[in-house]
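S.K.: for reference, the sequence and a predicted model appear below.
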Amino acid sequence: MSVLYLAFETDERVNRHARLQKSGAHVVVAEPRWPGFFELAKREKPYAIAMDFSQAPSHVLETADYMSKAKETKDVAMFLLRIPRDRLEAVQKRLPQATITTEAELSGKLAEIERVAEERARQKKEAAAAAKKAARAANAAAKAIAAGKPLPPPVKAKPPKPAAKPKAAPPPAKKKAAKKPAPPARKSQPKKKK
């Protein structure tokens, strides 16, 4: 899983690439030059494409338009960065499905997309393991039938446990006031006569 970051090579591109990688995503950088960017996109199969409009915005717009229509990349999430104000309306008109964003927002979105993708991969891995286990059991049952042995008891698959929720701390115990001993009863003394 990767993110394709298309930007012309400048001094700032290295820093921007490093900031995007801090999101935890695998970011592949290329220039938006034909056919290199498209061959890279077909090979990498990115889940997101980020395009930087800071250099040659007309050229980047044509590249983005092509990527949004190509069979291999039309369903990929597209993020557009640093669009000049005079091109904003044209970009919105030609690429209504693309998200215009800032680098900080994009890093947050990529982190979330990466988290969801990892969870989906974990679930696929668990499902594949369960299917493999069921296939082994079916194979063992078939061998047992062929050998004339009794079938082993069926194994019930346990459903995956959901992530543990943090337990709330118990409310603080109320302190009981210590019982004070009752004061001793006063004995009434007879009054002295004067």
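M.R.: Great, that's in hand.

S.K.: which neighbouring elements make contact with the one helix or strand in the chain whose mean pLDDT sits lowest?
M.R.: Least confident helix or strand, the chain: helix 11-21 with a mean of 83, by mean pLDDT, DSSP states H and E. Under the contact criterion of 3 or more Cβ pairs under 8 Å, 6 or more residues apart in numbering; DSSP states H and E, helix 11-21 touches strand 3-6, strand 27-30, strand 48-52, helix 103-147. Glycine gets a C-beta too; all of them are placed from N, C-alpha and C.

S.K.: the ones you listed into TSV, with extra columns for mean pLDDT and distance to residue 91?
M.R.: Shown next, in TSV, are the helices and strands packed on helix 11-21 (pLDDT from 0 to 100; distance: least, Cβ to Cβ, whole Å):
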stretch	mean pLDDT	distance to residue 91
strand 3-6	88	14
strand 27-30	88	20
strand 48-52	92	10
helix 103-147	85	16
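
S.K.: can you list contacts of the least confident helix or strand of the chain?
M.R.: Outside helix 11-21, the residues that touch it by Cβ atoms under 8 Å, 6 or more residues apart in numbering are 3, 5, 7, 27, 29, 50, 52, 54, 103, 106-107, 110.

S.K.: model confidence over the helix or strand where residue 68 lies, on average?
M.R.: Using DSSP states H and E, residue 68 falls within helix 57-69. Averaging pLDDT along helix 57-69 gives 91.

S.K.: the next helix or strand after that helix to helix 57-69, inter-axis angle?
M.R.: As assigned by DSSP H and E, the chain's next helix or strand after helix 57-69 is strand 77-81. If you take axes from the mean of the first three to the mean of the last three Cα atoms, to 10 degrees, strand 77-81 sits at 170 degrees to helix 57-69.

S.K.: partner strands of strand 77-81 and their direction?
M.R.: Partners of strand 77-81 in the sheet, by DSSP bridges, are strand 48-52 (parallel), strand 99-100 (parallel).

S.K.: can you say which of the ones you listed is packed in most?
M.R.: Counting by mean count of other Cβ atoms under 10 Å, strand 48-52 has the highest mean neighbour count of those, with a mean of 24.

S.K.: from the chain's centre, how far out does it sit?
M.R.: 18 Å (Cα atoms, centre = their mean, to the nearest Å).

S.K.: quick check, central residue of the chain?
M.R.: Here the mean C-alpha position of the chain is nearest to the C-alpha of residue 115 (Cα atoms, centre = their mean), at a distance of 1.7 Å.

S.K.: which residues sit in contact with the residue nearest to residue 42 when sequence neighbours are not counted?
M.R.: Of all residues not flanking residue 42 in the chain, residue 72 sits nearest, at 5.2 Å (Cβ to Cβ, 6 or more residues apart in numbering). Residue 72 sits next to 38, 41-42, 45 when contact means Cβ under 8 Å, 6+ apart.

S.K.: and those, which of them are buried?
M.R.: Taking 16 or more other Cβ atoms under 10 Å as the criterion, what is buried in the contacts of residue 72 is 38, 41.

S.K.: now, the contacts of residue 72 that are in helices?
M.R.: 38, 41-42 (DSSP state H).
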